[in-house]
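J.: got a sequence here, can you build the structure:
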Amino acid sequence: MSPISISDEELKARLTNMAIPGQHAAAEARIMNRIRQLPQHRLRRPMVSRFQGRVRRVVLTACLLCATYILAILAAFASPVFAQAMHKVPLLGSMLPGSILELAGDSGVKLAAGKTASRLPETVKAVDQGITFSVQDTFYDGSRIVIGYRIDTEDGRKHPESPQDTVFSVQGVRLDAGYKTKGQWLTDRTYIGVMSILPDPGTGTDSSPLADSFDLKLVIRNLYGREDGSKASRTSGRWELTVPVNQKSVGGVYLTQAAAHAGNESVTVHKVLLGASATQIELSYKGVFPAGSVIQGFRLMDDRGLIIPDLSGSGNLLESGAGEFSYLFEPLKVKPVYVIVQPYVKLQEPVEPVIVRARWNGKVPVTLSQGDAGTLTVTEIDFQTDQTLIHYQVEGSDPFMQQSSFWLETEAGERLVDGYPKRIRTADSDYSYVMAYPPLDADGIYYMGTIERQKVQILDNFSVRVPLS
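T.: Alright, predicted model coming up:
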């Protein structure tokens, strides 16, 4: 690749003013400013969550099926504005202006990046098979190790994205941990991503080997991605790096043996950690989940009965229906008096969803049924000269999945925009959202669409309340 013809200052400005996928920070600011000018609408607060996953020594992503589907949409409809701005980037393995964590991280990482990210003095990189894997941002907040990475490839046909078959070690001792990755293409040869590493239960702030500062060694054996634009590919090699990691902003660690029992079955919470990027729950269980349940997991609620959005998790599924897991949820903005951990089960969503539509007639509210899961209510459609804002609230057993299943379409059933329109949660006291569309004709004919979803069933007998004092 040739040197860039754009200044670091200009590139940094473009990075700073863009979010992924394809929405300008200024547009988001306008949305939030408009929200603050509007009267607040409130609905009865639902008291349920979602977390899907069942693994053996692999990383759980919260509501894995939904997240995978959404990420596929985002990848398929990457912002052309973002791509145009990033058509030239610094040389292979050099430092990117701006934070990879803020650009490519999940919601918890983005919240923490400004106050916890450790920018390395220079990038740490490894090269093999014509591919450069480099790291420039790291931090550890007690709940997870977060690494901002970049992949540059000399072969424009291959598009490696995700490191797999990775071994971690600290001071020569193997670190048992699950991990997940999330990222975005900058050009056809440069990918940025964030790796969240979740040490197994029992490892962390209260036990060895992780300390306030340590060197983390990574040995990556495979890079997965796409080849020639769509075909799945795997590039085998050896990318070995050692990166310095510092611990930052642990809000509190609460060791407990709070438990719920029923016969020989039980759920025990061992640790609650309040980190800058995540709230970590370490727990073990025996039995609890009914035989044959398709989707099972745990949710976290605060003392108001509101669900904390989940991020990921990892652990061991043992014999005889027992397990030891560490789950991550979004960081808590305000420390609650207590939290509640509850197991749940859910049926698999149907392959062919049931579509629910309603014509926009200029009047609000409009409530759409989402089947057994609950309802979605449109509270306002605000037609502006530069954008159209749709305000809505969800109520039911699976609010974070429910909020993602909403769109506008034509009378013929064609969606008004491709991809996944920008959505912002407007309050942390209920499940209210605003969705941004391009400017639309206020006199046009539009239909609101959603789908029916399965109900999340809470196993109340095994709810565990954990005081944070």
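
J.: and residue 461, what does it touch?
T.: Taking CB atoms under 8 Å, 6 or more residues apart in numbering, we find residue 461 in contact with 260, 262. The way it works is simple: take the backbone N, C-alpha and C, and place the C-beta from them, glycine included.

J.: tell me the secondary structure at it.
T.: helix (DSSP: H, G, I helix; E, B strand; the rest coil).

J.: residue 112 now?
T.: Here residue 112 is recorded as helix under three-state DSSP.

J.: these two touch, right, it and residue 140?
T.: No - between residue 112 and residue 140 there is no contact under CB atoms under 8 Å: 10.8 Å.

J.: those two: which is more packed in?
T.: Using other CB atoms under 10 Å, the more surrounded residue of residue 112 and residue 140 is residue 140, with 30 against 24.

J.: related to what we said a few turns ago, overlap in contacts, residue 112 and residue 140.
T.: With CB under 8 Å, 6+ apart, residue 112 and residue 140 have common neighbours residue 146.

J.: touching, residue 237 and residue 219? I think so.
T.: No - contact between residue 237 and residue 219 fails when scored by CB under 8 Å: they sit 10.6 Å apart.

J.: shaky segments in this protein?
T.: Applying pLDDT under 70 to the chain picks out residues 1-98, 114-117, 201-209, 228-229, 248-250, 293.

J.: tell me, what residue is most central in it?
T.: residue 106 (4.1 Å; CA atoms, centre = their mean).

J.: spit out the contact partners of that residue.
T.: With CB under 8 Å, 6+ apart, residue 106 has these contacts: 182, 194, 196, 311-312.

J.: what about stretch 135-151, start to end distance?
T.: One end of stretch 135-151 to the other measures 9 Å (CA to CA, to the nearest Å).

J.: which positions in that stretch come out as buried?
T.: Across stretch 135-151, burial judged by 16 or more other CB atoms under 10 Å covers 135-151.

J.: distance between that stretch and the chain's centre?
T.: 15 Å (CA atoms, centre = their mean, to the nearest Å).

J.: kindly report the same for stretch 413-420.
T.: Worked out by CA atoms, centre = their mean, stretch 413-420 lies 23 Å from the chain centre.

J.: and it, what's buried?
T.: 416, 420.

J.: next: stretch 152-171.
T.: Buried residues in stretch 152-171 (16+ other CB under 10 Å): 152-153, 158-163, 166, 168, 170.

J.: need these in a markdown table with secondary structure, can you?
T.: As requested, the buried residues of stretch 152-171 are exported to a markdown table (three-state DSSP):
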| residue | secondary structure |
| --- | --- |
| 152 | strand |
| 153 | strand |
| 158 | strand |
| 159 | strand |
| 160 | strand |
| 161 | strand |
| 162 | strand |
| 163 | strand |
| 166 | strand |
| 168 | strand |
| 170 | strand |
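
J.: which one of these is nearest residue 186?
T.: Top of the list for closeness to residue 186, among those and by CB to CB, is residue 152 at 9.6 Å.

J.: look up how far residue 308 lies from the closest one.
T.: Relative to residue 308, residue 152 is positioned 36 Å away (CB to CB, to the nearest Å).

J.: what of residue 199?
T.: As for residue 199, its distance to residue 308 is 21 Å (criterion: CB to CB).

J.: which one's more surrounded, those two?
T.: Relative neighbour count places residue 199 above the other of residue 199 and residue 308, with 25 against 21, counting by other CB under 10 Å.

J.: thought the more buried one was touching residue 173?
T.: No - counting by CB under 8 Å, residue 199 does not reach residue 173; the two are 11.7 Å apart.

J.: just how off-centre is stretch 359-374 within its chain?
T.: So, by CA atoms, centre = their mean, the centroid of stretch 359-374 is 27 Å from its chain's centroid.

J.: list the buried ones in it?
T.: 360, 366-368, 370-371, 373-374.

J.: got those residues as a markdown table, with distance to residue 388 and secondary structure columns?
T.: Converted to a markdown table, the buried residues of stretch 359-374 look like this (distance: CB to CB, whole Å; DSSP: H, G, I helix; E, B strand; the rest coil):
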| residue | distance to residue 388 | secondary structure |
| --- | --- | --- |
| 360 | 11 | coil |
| 366 | 15 | strand |
| 367 | 20 | strand |
| 368 | 18 | strand |
| 370 | 22 | coil |
| 371 | 27 | helix |
| 373 | 26 | helix |
| 374 | 25 | strand |
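
J.: and those residues, which two are the farthest apart?
T.: For those, and using CB to CB, no pair is farther apart than 360 and 373, which are 22.4 Å apart.

J.: can you give me the domain boundaries for the chain?
T.: 8-27+79-249, 251-349+457-467, 355-451 (automatic domain parsing).

J.: can you give me the end-to-end span of the shortest one?
T.: Taking CA to CA, the first and last residues of domain 355-451 lie 5 Å apart.

J.: begin at 19, not 1, for the rest of this chat.
T.: Sure, I'll start counting at 19 from here, so that last one is domain 373-469.

J.: distance between it and the chain's centre?
T.: Counting by CA atoms, centre = their mean, domain 373-469 comes out at 21 Å from the chain centroid.

J.: again, but for stretch 338-352
T.: With CA atoms, centre = their mean, you get 14 Å for stretch 338-352.

J.: so what's residue 259 up against?
T.: 142-144, 151, 153, 235-236, 238.

J.: how about the strands in the stretch 369-487 of the chain?
T.: 373-377, 384-387, 392-401, 406-414, 424-427, 441-443, 450-455, 465-469, 474-476, 482-485 (DSSP state E, counting those that start in this stretch).

J.: ranking those by burial, who's on top?
T.: strand 406-414 (a mean of 23; mean count of other CB atoms under 10 Å).

J.: partner strands of that one and their direction?
T.: strand 392-401 (antiparallel), strand 450-455 (antiparallel) (DSSP bridges).

J.: so for residue 291, which of those strands sits nearest?
T.: Closest among these, using CB to CB: strand 450-455, at 28.5 Å.

J.: as PDB, could you dump the C-alpha coordinates of the closest one?
T.: What follows is strand 450-455, C-alpha atoms only, in PDB (Å, rounded to 0.1, in the frame of the first residue of the first chain):
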ATOM      1  CA  SER A 450     -38.200   4.100  24.800                       C
ATOM      2  CA  TYR A 451     -36.300   4.500  21.500                       C
ATOM      3  CA  VAL A 452     -36.100   6.800  18.500                       C
ATOM      4  CA  MET A 453     -35.300   5.600  15.000                       C
ATOM      5  CA  ALA A 454     -33.800   7.900  12.400                       C
ATOM      6  CA  TYR A 455     -34.900   7.800   8.700                       C
END
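
J.: residues near residue 279, how many?
T.: 12.

J.: which residues touch it?
T.: With CB under 8 Å, 6+ apart, residue 279 has no contacts at all.

J.: next one: residue 301
T.: 219, 285-288, 316, 342-343, 345, 359, 482.
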